[in-house]
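Chemist: Whatever this is, show me its structure:
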Amino acid sequence: MLLAASLLLVLTSCGTRGLRGSEGSAPLPPRLSLVEVARLIPPHVKEREGWGQEVLSALEARQVHPSAEPVCEVLAVIEQESGFQANPVVKELPRIVRKRLEAYAGKLGVVGRKALEALLHHRAPGQSQSFEARLKAVRTERDLDRLFRELLQAYEQQYPAVYTAADLASELFSLQSLEELNPITTAGSMQVSVRYAREQNDEDRPEAEVREELYTRAGGVRYGTARLLGYEAAYAQPIYRFADYNVGLYSSRNAALQAQVSELTRLPLALDGDLLLYDAEGEPRNEDSRTLTALLAFRARHAPEVSERQVRRDVRKEKQRDFEETETWHAVKKAYERVAGKRPEYAQLPAVTLRSPKLSRELTTAWFARSVDQRFQRCMARHGAQAKERAARK
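Modeler: Sure, this is the predicted structure:
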């Protein structure tokens, strides 16, 4: 009975929160006006109505009812990620990029370092300064993105004329490696993954065009809102959605499952929210992850009625809502309730250490989620205070 009740709670939660008012019989909370949204943005922010309009437009595009909670969720992420800057400034950006370039060139020895210096001393068509001089002056993500694109174009057009195809540097210091050295993999006011933004476009748009759109206020908020709210999850609190935003869809849900499997099998697992291993392109690898190994051990010990093939098929859905309908999911939850004698948690914060050349210190996904949640709570408090003011005036 306890398991049935918990599953009913999860399904009810999905119906009322998943599409933010598009399903369920509960009355919708009040719709916020543009003036009300603007007043929820910190007073020091410039063009508060402009930001508020983009948030409302992004919610409308996702068919999300613009009540206080989703509005504050989006505003909290914007504040955390960029402080309401469409084109964020990155501290010590020239040093970060130069360090990455030199580290890669250093792996190729003297030839690689010479190749890097030759490339940086070039000038793009119409530019009076070399790439080296311009690199020292970059301050924002967009500045660096544009510089890298020009650098890649110069490499394609000029580098073959400087070094022959048989040269070691030509073979190793390649166009692809230069693209990978660009530290700007997330961009705009909500720091959306460039790869995610490209995947949201039906047409095959050039990456440069998508990147430029991310650096606009409208584009950054639109893609970021889609990433934050564009999926159903039965999270009781938005802090878990904030963690997902940082590390991947359903990571908080999956981290809870990992913890339960670890407890049932007594196998230590990294509670990172990934049940599979992934390559650099985000595709599942053929190698079994430690979590998958633990799930197979769980199956043998607690759920022999579920086949190994079924488990392997089910975990392929780990980034989908449908994973919660699989035999593997239900078997873990049922066994955990029976063995532990308590209801299995739906979500917990993933344990992930964040690594990025744009970070000046070591941080975690839990830190990120809590920091955004604090901003969310302050936004909701402002909304409550404004509601009291309006009631008092009536």
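Chemist: Just the strands from the stretch 101-250 of the chain, written as ranges.
Modeler: 186-187, 192-193 (DSSP state E, counting those that start in this stretch).
Chemist: nearest to Pro66, of those strands?
Modeler: Closest to Pro66 of the strands of the stretch 101-250 of the chain, according to CB to CB: strand 192-193, at 20.1 Å. Just so you know, the C-beta spots here come from the backbone N, C-alpha and C atoms, and that holds for glycine as well.
Chemist: partners of the closest one in the sheet?
Modeler: Paired strands of strand 192-193, with direction, are strand 186-187 (antiparallel) (DSSP bridges).
Chemist: any idea of the mean pLDDT in the partner strand?
Modeler: Mean pLDDT, strand 186-187: 92.
Chemist: Could you give the separation of that strand from the chain centroid?
Modeler: Relative to its chain's centre, strand 186-187 lies at 9 Å (CA atoms, centre = their mean, to the nearest Å).
Chemist: How is the protein divided into domains?
Modeler: The record's domain split for the chain, according to automatic domain parsing, is 31-85+217-230+356-393, 93-187, 248-340.
Chemist: can you redo those as CSV with distance to Glu199 and mean neighbour count?
Modeler: What follows is the domains of the chain, written out as CSV (distance: least, CB to CB, whole Å; neighbours: other CB atoms under 10 Å):
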stretch, distance to Glu199, mean neighbour count
domain 31-85+217-230+356-393, 10, 18
domain 93-187, 14, 16
domain 248-340, 9, 18
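Chemist: quick one: pLDDT of Leu108?
Modeler: 67.
Chemist: Which element is encountered next along the chain beyond the host helix or strand of Ala38?
Modeler: Assignment of secondary structure by DSSP states H and E places Ala38 within helix 34-40. On the C-terminal side of helix 34-40, the nearest following helix or strand under DSSP H and E is helix 48-61.
Chemist: worst average pLDDT in the domains of the chain?
Modeler: Across those, the lowest-scoring stretch is domain 93-187, with a mean of 74.
Chemist: Please go through the protein and pick out the longest helix.
Modeler: helix 365-393 (DSSP state H).
Chemist: Let me have the strands of the stretch 101-250 of the chain in TSV, extended by distance to Gly224.
Modeler: Listed next are those as TSV, based on distance: least, CB to CB, whole Å:
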stretch	distance to Gly224
strand 186-187	10
strand 192-193	5
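Chemist: Nearest to Trp51, out of those strands?
Modeler: Ranking these by proximity to Trp51 (CB to CB) places strand 192-193 first, at 15.9 Å.
Chemist: about what we covered before: tell me which of the domains of the chain sits nearest to Arg198.
Modeler: Nearest to Arg198, of these and by CB to CB, is domain 31-85+217-230+356-393 at 9.9 Å.
Chemist: what's the offset of that closest one from the middle of its chain?
Modeler: For domain 31-85+217-230+356-393 - counting by CA atoms, centre = their mean - the centre lies 16 Å from the chain centre.
Chemist: Stretch 87-94 too?
Modeler: 19 Å.
Chemist: do the same with stretch 385-394
Modeler: When distances are taken as CA atoms, centre = their mean, stretch 385-394 is centred 37 Å away from the chain's centroid.
Chemist: just stretch 329-346 next, same as before
Modeler: From the chain centre to the centre of stretch 329-346 is a distance of 29 Å (CA atoms, centre = their mean).
Chemist: Report the contact partners of Gly224.
Modeler: 58, 74, 77-78, 81, 188-192 (CB atoms under 8 Å, 6 or more residues apart in numbering).
Chemist: Would you reformat these as CSV and include distance to Thr291?
Modeler: As requested, those are exported to CSV (distance: CB to CB, whole Å):
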residue, distance to Thr291
Ala58, 34
Val74, 31
Val77, 28
Ile78, 33
Glu81, 29
Gly188, 32
Ser189, 34
Met190, 29
Gln191, 27
Val192, 27
